[in-house]
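Asks: Need a 3D model of the sequence below.
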Amino acid sequence: MVLCPYNINNINGIRKVTEPQPFEDCPSTPSGASASIAVMNRFSNPSSAENAATSSVAYTSRFCRHSLKAGRSRSNRERGVGRVKAIFWTLVLATFVYVSAKVVPALVNEYQFQDGIQTLARFATVNRQTPEQIRAAVLKEAQKDDVPVAAEDIKVDAVNGNIKIRADYSVTVDLKVYQWTLNFHPAASNDSLT
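Replies: Numbering: from 1, shown residues only. Reported below is the predicted structural model:
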């Protein structure tokens, strides 16, 4: 709360300056406001104590109402801006959580599928599997990891014991306002073993 620089009390024609008071009690002119000489003279030379008290109260009430309304509207505007910011960032956070909840499972499934086909590629030579057997094992791994891969999307190259497995697939994530298509291209080989 802003304090008035001083408070002038007119009691029986005697002017008394007291401690700073909040604006509600301040009959002085606010900074930046214009005051007429007539109003100022009325406070400095009152005709009677009763008239001075009445005019002081009227002026103080009008001034205080104005300053209090200005202070309230300013603080209400500031609170309103704070509320808008809070609502905005809450919506951003909620959107991030919603999108993450929809996208992260697809990413986790792709990671598990990548790990599974890497394991298949490493043991394919030891188990002496043909490309068709490897493709069937990759399809089985895809079903286990909930990955939408068809047999024609899987490419297996087996040359002199080197196995290379590639799979291409897409997952469409429904975000209610947008259909986001994620494209995945997991690949694995057993080159590190030879």
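Asks: show me what contacts residue 152?
Replies: Not one residue lies near residue 152 by C-beta atoms under 8 Å, 6 or more residues apart in numbering. Heads up, the C-betas are built off the backbone N, CA and C, glycines and all.
Asks: Which of the three states applies to it?
Replies: Assigned with DSSP: H, G, I helix; E, B strand; the rest coil, residue 152 falls in the helix class.
Asks: Tell me the pLDDT of it.
Replies: As predicted, residue 152 sits at a pLDDT of 90.
Asks: Please tell me how far it sits from residue 136.
Replies: 13 Å (C-beta to C-beta, to the nearest Å).
Asks: Check residue 111 too.
Replies: With distances taken as C-beta to C-beta, residue 111 is found 22 Å from residue 136.
Asks: now the helices for this protein?
Replies: 37-44, 49-124, 131-144 (DSSP state H).
Asks: For residue 178, give me phi and psi.
Replies: Per-residue torsions, residue 178: phi -150, psi 140 (degrees, to the nearest 10).
Asks: quick one: it from residue 82, how far?
Replies: From residue 178 across to residue 82, the span is 30 Å (C-beta to C-beta).
Asks: likewise residue 94?
Replies: Separation of residue 94 from residue 82 (C-beta to C-beta) stands at 18 Å.
Asks: for residue 120, same thing?
Replies: Computed with C-beta to C-beta, the distance linking residue 120 and residue 82 is 56 Å.
Asks: likewise residue 125?
Replies: Applying C-beta to C-beta, the value for residue 125 to residue 82 is 65 Å.
Asks: Give the residue from these two that has the larger number of neighbours.
Replies: Using other C-beta atoms under 10 Å, the more surrounded residue of residue 125 and residue 82 is residue 125, with 16 against 10.
Asks: Not counting residues beside it along the chain, what's closest to that one?
Replies: Spatial nearest neighbour of residue 125, excluding adjacent residues (C-beta to C-beta, 6 or more residues apart in numbering): residue 161 at 4.8 Å.
Asks: Check residue 146 too.
Replies: That would be residue 109: by C-beta to C-beta, 6+ apart, it lies 5.2 Å from residue 146.
Asks: The one you found: neighbouring residues, count only.
Replies: With other C-beta under 10 Å as criterion, residue 109 counts 18.
Asks: which residues sit in contact with it?
Replies: Residue 109 neighbours (C-beta under 8 Å, 6+ apart): 145, 146, 147, 171.
Asks: Quick one: low-confidence residue ranges for this protein.
Replies: Within the chain, the ranges that satisfy pLDDT under 70 run 1-79, 192-194.
Asks: ok, back up a step: any figure for the gap between the residue nearest to residue 146 and residue 115?
Replies: Distance, residue 109 to residue 115, using C-beta to C-beta: 11 Å.
Asks: How about residue 121?
Replies: Taking C-beta to C-beta, one finds residue 121 at 11 Å from residue 115.
Asks: Between the two, which has more neighbouring residues?
Replies: Between residue 121 and residue 115, residue 121 has the larger neighbour count (other C-beta under 10 Å), namely 24 against 14.
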